[in-house]
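Visitor: Let me see the structure of the following:
(one chain, ligands or ions: 1)
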Amino acid sequence: MSTKYVFVTGGVASSLGKGIIASSLAKLLQARGYKVTNQKLDPYINIDPGTLNPYEHGECYVTDDGAETDLDLGHYERFTGIPTSQANNITTGRIYQNVINKERRGDYLGKTVQIVPHITDEIKRNIKLLGAKGEYDVVITEIGGTVGDIESLPFIEAVRQLRWELGEKSVLIHLTLVPYLSATGELKTKPTQHSVKTLQEEGVQPDIIVLRTEHPLNNDLRKKVALFCNVKPEAVIQSVDVSTIYEVPIKMREEKLDEIVLEQLGLPLNSEPDLEDWTKFLYKLKNYTKEVRIGLVGKYVELHDAYKSIVEAFIHAGAVNDCKVNIEWIHSETLNEENAEAKLKNLHGILVAPGFGHRGINGKLVAIKYARTHNIPFLGICLGMQMAVIEFARDVLHLEGADSTEMSAKTPYPVIDLMASQMDVTEKGGTMRLGAYNCELKEGSKAYEAYGQKYIRERHRHRYEFNSQYREAFEKAGMVTTGINPETGLTEIIEIPAHKWFVGVQFHPEYRSTVTKPHPLFIAFIKACLS
Ligand code: GLN
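Guide: Prediction:
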C-alpha cells in the first residue's frame, strides 16, 4: 500500500496541543492495525533544539539514533511506543543547510536558488522521506508554529504543493481555539474563521477542524464552523480540556477523528481500535490507592516543560504502582544547608535532574547529601549522577575540591572529566555523546533488579563522564559502578548498596518511558519511595 499523509496545522494561538492531537490520532490508527509515524517540522533557524536553552523551548528530546529533537517527539513515542529518529524532526535551519550545501556543491547548475521551488522541494523531500521507507501506512506531519506566522509560510506552501501532488492521499487537520467569554457565557468561533481564512489565503483548505475548548460545543456551533470553513459538520471536532493528556485519544475516538481521517484517505476502518492497554493504564492513573511526594531538583523548575519526559515517566511508573506521584519542584538555586531540612524532610524521594553549567550546583549537592544521609530514595540523571559522584568524593572520600572539569577546570580531583572522545570537539551543536548505547549491569545491583536483565540500551546526551581512575577508591568507600558500557568501559550507573535506593545514571531513562512500557528504573524508584 502506498503511504498516505496527514498534516496537522495550528491557528489562533500556540500551545494548543497539536502534538497531543497528532499523537492521539497516531495511537488510534495504530490501534486499528495501521503502521504510523509522526513527524514535526519546526520553523526556527536552529539546526536542531540541542543548542536551545530549555527556557526557550522546553526539553530537548533525544532519539535512539542520537538526534536532538523537539519535545513533541517524546509525546509521539510515549503514545505509540514507536521509536522516532532524526528524520522525524526537521527545522527551517536544517532545510536551508541542506539547500545551501547543495548550492555550494554546484548541484543547482547555475540556477538562482529560491524559496519556491528549492526550499519547498527540500521540505517536500523530507516529508516524503519517511513514506519512501515503505514502513508506514500513514505519516502524520505536524507543522510547528501558528498559521499566519512569517516563518511557517514555506512549510505551508510545501504542504499546499504536496497535497496537490498527492491528491486523495492526504488529509489536513487544522487545530484552533474556541475562546469562552465568561461575561456573556459564550463560545466564540470568529478566531477560527479568521485562522481558516488565513490558511485558505495560503492556498490550503483544511479537511478537518479540531476545536480546543473549555466547554462542549453544541450542534449549531459545529454547523456554523462547518459552513464558514468549507468542511463537513462531522469533520468539526471538539477537543474539550481534560485532566490528563492521556485521555485525549479516548476523546478523539468518541469524536470519531480516526474514522473521519481514514474515510477521507480512502482507507478501510478495519476493526474497532484495540485500546485495552490504554484504558487499563487510564483506569490505574485515576484509581490510585497511594501517593508519594518526590522532590525534583533542577534549575529550570519554573518551566515544567524543561523536564517533560521525567514528569511523564513518573506518571507512567506511578500508575504501575497504583500511586499518584506528586512532584515538588525545588529550584536548586534556592536550596542550601540551612533550609535543606525544611524543604526536603517531607519527601519520599529525591530526583536530581540533568543540566549543564555551574548555576544551581550547590543546591543539587545539598539535596544529594540529604538523600544519602537520610536514606531517602534517590535517582540522579546525567548531571544528577555526576553531582552524586562529586558529593560522595567530597563528603565520604574527603577529596576537598573534588569536582567536574565542566564546573572547575583546575580541580585537584577531577572525579568527573571530559570524555576522551570530546577532547577535540570545538563546536557546540550536535557534538555530545548522543543516542542509544549498550550497558551491562552488575548482577545483584538495584539496577539489575529493576530491569531484570543483564544487557540494556539507553540514550545519552553528555560530554563528561565518571573518571575511572577513581573507581577503586569509590568502591572501597561504598559507591559502586553497577552499569558499564561494554565497548568503551564508561561508567553508566553508580549505586550505594548500603543505602535504601541510591542510583545515579549517566543516561536518560526518561526518554524511553512509554504508556505501555513504563521505565523499569522509574518503577523501581517509586516502589522504593513507597516502602
Ligand atoms: N553537563 C553534563 C555533561 O555534559 C551533564 C549533561 C546532562 O545532564 N544531560 O556531561
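Visitor: OK, contacts around Pro268?
Guide: Leu262 (Cβ atoms under 8 Å, 6 or more residues apart in numbering). Yep, even glycine has a C-beta here, placed from its N, CA and C like the rest.
Visitor: Sorry, wrong one. I was asking about Ala450.
Guide: For Ala450, the contacting residues are 520-521, 523-524, by Cβ under 8 Å, 6+ apart.
Visitor: Assign a three-state SS to it, would you?
Guide: Following DSSP: H, G, I helix; E, B strand; the rest coil, we place Ala450 in the helix state.
Visitor: Chain neighbours aside, what residue packs nearest to it?
Guide: Sequence neighbours aside, Ala524 is the residue nearest to Ala450 in space, at 3.6 Å (criterion: Cβ to Cβ, 6 or more residues apart in numbering).
Visitor: Wait, Arg459 touches Asp64, no?
Guide: Yes: assessed by Cβ atoms under 8 Å, Arg459 is found in contact with Asp64 at 6.5 Å.
Visitor: Look at these two and report which has more neighbours.
Guide: Arg459 (20 against 17; other Cβ atoms under 10 Å).
Visitor: The more buried one belongs to a strand, doesn't it?
Guide: Yes: counting by three-state DSSP, Arg459 is part of a strand.
Visitor: Would you verify that Gln238 is located in a strand?
Guide: Yes: according to three-state DSSP, Gln238 belongs to a strand.
Visitor: Tell me, how many residues neighbour the residue nearest to Ala450?
Guide: The number of residues packed near Ala524 is 22, by other Cβ under 10 Å.
Visitor: Could I get the contacts of Ala450 in CSV, plus columns for secondary structure and pLDDT?
Guide: Converted to CSV, the contacts of Ala450 look like this (DSSP: H, G, I helix; E, B strand; the rest coil; pLDDT from 0 to 100):
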residue, secondary structure, pLDDT
Pro520, helix, 98
Leu521, helix, 98
Ile523, helix, 98
Ala524, helix, 98
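Visitor: what's the overlap in contacts for Arg459 and Asp64?
Guide: Shared contacts of Arg459 and Asp64 (Cβ under 8 Å, 6+ apart): 435-436.
Visitor: confidence score at the residue of the stretch 101-250 of the chain found nearest the ligand?
Guide: In the stretch 101-250 of the chain, no residue comes nearer to the ligand than Gly144, which is 23.4 Å away by Cβ to the nearest ligand atom. On the pLDDT scale, Gly144 is placed at 93.
Visitor: Is it in contact with Leu41, as I believe?
Guide: Yes: the pair Gly144 / Leu41 is scored as a contact, 6.1 Å apart, by Cβ under 8 Å.
Visitor: can you tell me which residues contact the residue nearest to Ala450?
Guide: Counting by Cβ under 8 Å, 6+ apart, Ala524 touches 446, 449-450, 501.
Visitor: just how off-centre is stretch 521-531 within its chain?
Guide: Centroid separation for stretch 521-531 versus its chain: 22 Å, with Cα atoms, centre = their mean, to the nearest Å.
Visitor: list the buried ones in that stretch?
Guide: By 16 or more other Cβ atoms under 10 Å, the buried positions in stretch 521-531 come out as 521-530.
Visitor: Just flag the most distant two among the contacts of Ala450.
Guide: Greatest spatial distance in those: Leu521 and Ile523, 7.3 Å, computed using Cβ to Cβ.
Visitor: who wins for most neighbours among the contacts of Ala524?
Guide: Lys446 (24 neighbours).
Visitor: how far away is that one from His374?
Guide: Lys446 sits 18 Å away from His374, taking Cβ to Cβ, to the nearest Å as the criterion.
Visitor: Next: Gly435.
Guide: 36 Å.
Visitor: more neighbours, those two?
Guide: Neighbour totals were compared for Gly435 and His374, and Gly435 leads with 19 against 16 (other Cβ under 10 Å).
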